[in-house]
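Enquirer: I'll drop the sequence and a predicted model, then ask my questions.
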Amino acid sequence: MSTASAFTPVRVAILGASGYTGAELMRLLLRHPRVRITALTGERAAGKPVADVFPHLAPYDLPALTKIADVNWDDVDFVFCGLPHGTTQEVIAGLPAHVRVCDLSADFRLFNVDTYAEWYGHAHKAVDLQETAVYGLSEVAREQVATARLVANPGCYPTASLLPLLPLLKDGLISADDIIIDAKSGVSGAGRDAKQGSLYCEVAEGMHAYGIASHRHAPEIEQGLGWAAGRGDIRIAFTPHLIPMNRGMMATTYVRLKDGVDVASLRTSLEKAYAGEAFVKVLAPGVGPQTRHVAGSNLSLINVFADRIPGRAILVSVIDNLMKGASGQAVQNFNIMNGFDETLGLDVVPVFP
Ligand SMILES: NC(=O)C1=CN([C@@H]2O[C@H](COP(=O)(O)OP(=O)(O)OC[C@H]3O[C@@H](n4cnc5c(N)ncnc54)[C@H](OP(=O)(O)O)[C@@H]3O)[C@@H](O)[C@H]2O)C=CC1
Ligand SMILES: CC(=O)N[C@@H](CCC(=O)OP(=O)(O)O)C(=O)O
């Protein structure tokens, strides 16, 4: 099987194709009518056919994995970069100018390079490029994404957290100073690399919080909230948890309503913000979003509930961390950057149950 297109295809390279987000990108782009995959890279997997690394892709006609240094850039228009954070800034800074980029790592997400250095433990290695990067939460930044050369694809926890919160802050309905995010992720969020924390015995039949009050996605979420609230000093309580499942992410967020605001107004704000959106849906009152409702798809399902404590509300949002939390949103941004219908390659119905 190979991709066929009646149009001139965009020639795409996936850096980090031997990782989980790379596999997800190949799954989506093989079905994308305007894409031809011309280069795939791996580090340890360089030199291997994709089928050796991902046998589920054996039926498809894909280039073999190479080192990044061996990519022929004359044959590439667009790069999806799925490398570990910290390795990406220098790689992207070294790409030829004609190539547009969607970076899935955290390397270009924080606009303030001092904040980046504080949370990532080293100075930013491409400060000039950082200034040109657009934070690609697709529904919020469409216009900037459309013309960007470099899009910083949001993190999975920030995507799940920001989608329900941004409209409510923009509309002035909730306090920016009392936001508590309790989030859970499937283990694929940690990537395919062998790590003790991803071993079966460490994650099966149990769950645990990690990065408590110290996870590097907190400043990314605060940056987005600050944009919506028009303030740079927002601090959140954010606790991620690792859950024994392959994919999926849930953010349960506790907020305080501004005086005179009720939960119905929150619902109206969310419905208005996401009316007509292909991938963000506000569920009917009382219906709880579940990770199994979005598995394998680019959907984000959200809902809002009255808390039993007066003046408070609870937001629940779910995404698939590898889709809307990574590769799905990256393809959505690719579509926006190329003027394509946003849903191309993403018309995937969730796998249920
Ligand atoms: N997994 C998720 O749900 C999400 C991931 N992200 C981010 O996306 C990026 C990719 O994540 P994911 O696919 O999960 O990670 P993986 O660990 O599964 O894959 C990493 C990829 O990068 C390659 N690689 C590793 N080190 C280097 C290096 N020094 N130089 C060149 N290539 C290298 C690996 O090659 P090889 O294996 O062949 O050595 C592999 O192809 C990360 O920055 C991650 O934080 C963002 C949102 C969600
Ligand atoms: C389960 C798990 O380990 N998840 C990762 C987040 C995945 C992600 O979005 O990370 P980036 O910011 O690097 O893109 C973590 O907590 O670090």
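Expert: Yes, it's here. Residues are numbered from 1 along each chain as shown. Ligands and ions are numbered 1, 2, ... in the order given.
Enquirer: and the one helix or strand Val101 maps to, is it in reach of ligand 2?
Expert: Assessed by DSSP states H and E, Val101 sits inside strand 100-103. No. Residues of strand 100-103 contacting ligand 2 under C-beta under 6 Å from any ligand atom: none, with a closest distance of 9.4 Å. Every residue, glycine included, has its C-beta placed from N, CA and C.
Enquirer: Buried ones in that strand, by neighbour count?
Expert: Neighbour counts over strand 100-103 (16 or more other C-beta atoms under 10 Å) mark Arg100, Val101, Cys102, Asp103 as buried.
Enquirer: Can you list the strands that that strand pairs with?
Expert: Sheet pairing of strand 100-103 (DSSP bridges) gives strand 78-81 (parallel), strand 150-152 (parallel).
Enquirer: Can you give me the neighbour number for the residue nearest to Val151 when sequence neighbours are not counted?
Expert: Closest residue to Val151 apart from its sequence neighbours, by C-beta to C-beta, 6 or more residues apart in numbering: Gly136 at 4.0 Å. Gly136 is flanked by 29 other residues according to other C-beta atoms under 10 Å.
Enquirer: any idea how far Gly136 is from Ala146?
Expert: Computed as C-beta to C-beta, to the nearest Å, the Gly136 to Ala146 distance reads 11 Å.
Enquirer: now do Trp73
Expert: Trp73 is 23 Å from Ala146, by C-beta to C-beta.
Enquirer: now the strands paired with strand 100-103 as a markdown table including mean pLDDT, mean neighbour count and distance to Val263?
Expert: Shown next, in a markdown table, are the strands paired with strand 100-103 (pLDDT from 0 to 100; neighbours: other C-beta atoms under 10 Å; distance: least, C-beta to C-beta, whole Å):
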| stretch | mean pLDDT | mean neighbour count | distance to Val263 |
| --- | --- | --- | --- |
| strand 78-81 | 98 | 24 | 39 |
| strand 150-152 | 98 | 25 | 33 |
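Enquirer: for whichever strand or helix holds Glu222, packing partners?
Expert: According to DSSP H and E, Glu222 maps onto helix 217-229. Packing contacts for helix 217-229, counted by 3 or more C-beta pairs under 8 Å, 6 or more residues apart in numbering; DSSP states H and E, involve helix 113-120, helix 156-170, strand 237-242.
Enquirer: Would you list the phi and psi of the closest residue to Arg31 other than its chain neighbours?
Expert: In this structure, Arg31 finds its nearest non-sequential neighbour in Gly345, 5.6 Å apart by C-beta to C-beta, 6+ apart. Here is the backbone geometry of Gly345 (degrees, to the nearest 10): phi 80, psi 0.
Enquirer: Stretch 44-61 - what's its average pLDDT?
Expert: Per-region confidence: stretch 44-61 scores 98 on mean pLDDT.
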